[in-house]
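>>> one predicted model, sequence on top.
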Amino acid sequence: MKSILTAMVFLLLGGCVVQPVKYDMSAFQAAAPRSILVVPTVNKSLDVDAPNYVLSTMPVPLAEKGYYVFPVNTTKYVLEQEGMYEANRIHLQPTETLAKLFGADAVLYVTINRWDAQYAFIAATVTVDFDYRMVSKDGTEIWKEHKTMQYSPQNNNSGSPLAMLITAAINAALTRAAPNYMPLTQQANHQVFVLGQNALPDGPYRPKKAP
Amino acid sequence: MRFAALALTAFVLGGCAAQPIYNWGGYESMLYAGYKDPTKMEEMKLGLERHIEAMDKSGQKIAPGLLAELGTLYLQSGSSEKAMAMYARERDAWPESRGLMTAMITNLERRAQAQSEVKK
């Protein structure tokens, strides 16, 4: 506990975000997109529901960053009307074509690499892993990021070994019943879009900070 | 100790996180629920209707995409008139959506016209 407090004090003193390496954002700044089209998510995990769940988490953080985000469910519907049901196939389309079809300045491609919960004895670890890639309407890649997030329930060491064992078993059972993928996914997005060293610049609808 | 940690967490997060621009009216969780269980899309439709009505009443700007998402839910439940009205509102609220919304509306108008000609 003490160490967490100390770490947080350091975080405060050090400013909000530590930025050791700044990626080259000149391509993004040159493209200066106002609108982002988020196309259906490619799934490399074994969970067939993951792509839609991930898709549902994209609009809010991107729009709060100041961009116009095309309505993701409407986008999915339009693509299906065009016969494009497979995210894999959509990701292979030339970005120019997709951007033109929707009138978008940039297209965001998200790939799920991992979306799983692993159980070892009585410990559980939930993992999500995503690749994000943004391409401008002329086909130039303007931004790219990768994020892994993991969660293991904290087994508080409250006394006897038996109590600890029971706590751990209950935590593992709860995780197994309902792995908390969504908060992890939201955290991954937040880290990547807002907090990370490669965060997106503010879009046109984000009010300018007072100097 | 625990309280101090909590207060500090709130402070750290509060200091970093920018003020939200929009009121989303539960859009993200409604969409998640709808993808999890498609019968919940009906609830999303009602939820968005309520949210948009409340935003209109208080004169607040509606978050990007919400009007169009409601339009598509109307379309999928067979109300293309209502869908067109929502697409038109999205188009007028967000210039970036103009191309797509105009295409959606034109398409629906054409479909309505074709249907009325069949009836004759």
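Ah, there it is.

>>> now for B:Gly34, how many residues are close by?
The tally of other residues near B:Gly34 (other C-beta atoms under 10 Å in any protein chain shown) stands at 21. Where C-beta positions appear, they are placed from N, C-alpha and C, glycine not excepted.

>>> an error on my part: the question was meant for A:Asp116.
Look at A:Asp116: counted by other C-beta under 10 Å, it has 15 neighbours.

>>> for it, give me its contacts.
Under the criterion of C-beta atoms under 8 Å, 6 or more residues apart in numbering or on different chains, the neighbours of A:Asp116 are A:45-47, A:126-127.

>>> just the element for it, please.
Per DSSP states H and E, A:Asp116 falls inside strand A:106-120.

>>> quick check: which ranges of chain A have low pLDDT?
Within chain A, the stretches with pLDDT under 70 are A:1-22, A:155-158, A:210-211.

>>> check contacts around the most centrally placed residue in chain A.
In chain A, the centroid-proximal residue (C-alpha atoms, centre = their mean) is A:Asn189; its distance is 2.9 Å. Residues in contact with A:Asn189 (C-beta under 8 Å, 6+ apart) are A:57-58, A:61.

>>> sorry, back to before: the next helix or strand after the strand holding A:Asp116 pairs with which strands, parallel or anti?
For strand A:106-120, the succeeding helix or strand toward the C-terminus, using DSSP H and E, is strand A:123-136. Sheet partners assigned to strand A:123-136 using DSSP bridges are listed as strand A:106-120 (antiparallel), strand A:141-151 (antiparallel).

>>> list the buried ones in strand A:123-136?
A:124-130, A:132-136 (16 or more other C-beta atoms under 10 Å in any protein chain shown).

>>> bridging residues for the nearest residue to A:Leu46 once chain neighbours are set aside?
In space, and not counting its chain neighbours, A:Leu46 is closest to A:Asp116: 7.0 Å by C-beta to C-beta, 6 or more residues apart in numbering or on different chains. For A:Asp116, the beta-bridge partners are A:Thr127 (DSSP bridges).

>>> how close does B:Met30 get to B:Leu70?
11 Å (C-beta to C-beta, to the nearest Å).

>>> with B:Lys82 instead?
Plainly put, B:Lys82 is 9 Å away from B:Leu70 if you go by C-beta to C-beta.

>>> ok, the two, which is more surrounded?
Neighbours around B:Lys82 and B:Leu70, counted as other C-beta under 10 Å, are more numerous at B:Leu70. The numbers are 28 against 16.

>>> quick one, grab the pLDDT at that one.
Looking at B:Leu70, its pLDDT stands at 98.

>>> for it, which residues are in contact?
With contacts defined as C-beta under 8 Å, 6+ apart, B:Leu70 is in contact with B:45, B:48-49, B:52, B:86.

>>> let's see it at 6 Å
Neighbour list for B:Leu70: B:48, B:86 [criterion: C-beta atoms under 6 Å, 6 or more residues apart in numbering or on different chains].

>>> all helices of chain A, in order?
Ranges of helices in chain A, per DSSP state H, are A:2-13, A:26-31, A:50-56, A:59-64, A:72-81, A:87-92, A:95-102, A:161-177, A:181-190.

>>> and for A:Phe130, nearest residue in space, chain neighbours not counted?
Leaving aside its sequence neighbours, A:Phe130 sits nearest to A:Lys147 (C-beta to C-beta, 6+ apart; 5.4 Å).

>>> got the contact list for that neighbour?
A:130, A:188, A:191-192.

>>> coming back round to it: from chain B, how far off is the residue nearest to A:Leu46?
In this view, A:Asp116 and chain B are 18 Å apart by C-beta to the nearest C-beta, to the nearest Å.

>>> what do you get for A:Asp129?
Going from A:Asp129 to chain B by C-beta to the nearest C-beta gives 19 Å.

>>> what residues are up against that residue?
The neighbours of A:Asp129, taking C-beta under 6 Å, 6+ apart as the test, are A:113-114, A:148.

>>> what do you get if the cut-off is 8 Å, keeping everything else the same?
Going by C-beta under 8 Å, 6+ apart, A:Asp129 touches A:112-115, A:146-149.

>>> make a PyMOL selection of the buried ones in those residues.
Restricted to buried positions by 16+ other C-beta under 10 Å, the PyMOL selection for the contacts of A:Asp129 reads:
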select buried, chain A and resi 112+113+114+115+147+149
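
>>> tabulate the contacts of A:Asp129 (CSV), appending distance to A:Ala104.
Formatted as CSV, the contacts of A:Asp129 follow (distance: C-beta to C-beta, whole Å):
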residue, distance to A:Ala104
A:Ile112, 22
A:Asn113, 25
A:Arg114, 28
A:Trp115, 26
A:His146, 23
A:Lys147, 23
A:Thr148, 28
A:Met149, 28
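
>>> let's have the strands paired with strand A:123-136 in TSV, adding distance to B:Lys36.
What follows is the strands paired with strand A:123-136, written out as TSV (distance: least, C-beta to C-beta, whole Å):
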stretch	distance to B:Lys36
strand A:106-120	14
strand A:141-151	20
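
>>> residue of chain A with the smallest distance to chain B?
Nearest to chain B, among the residues of chain A, is A:Gly103, at 2.7 Å (C-beta to the nearest C-beta).

>>> from the contacts of A:Lys147, pick the one nearest A:Ser26.
Nearest to A:Ser26 among the contacts of A:Lys147, counting by C-beta to C-beta, is A:Val192 at 19.2 Å.
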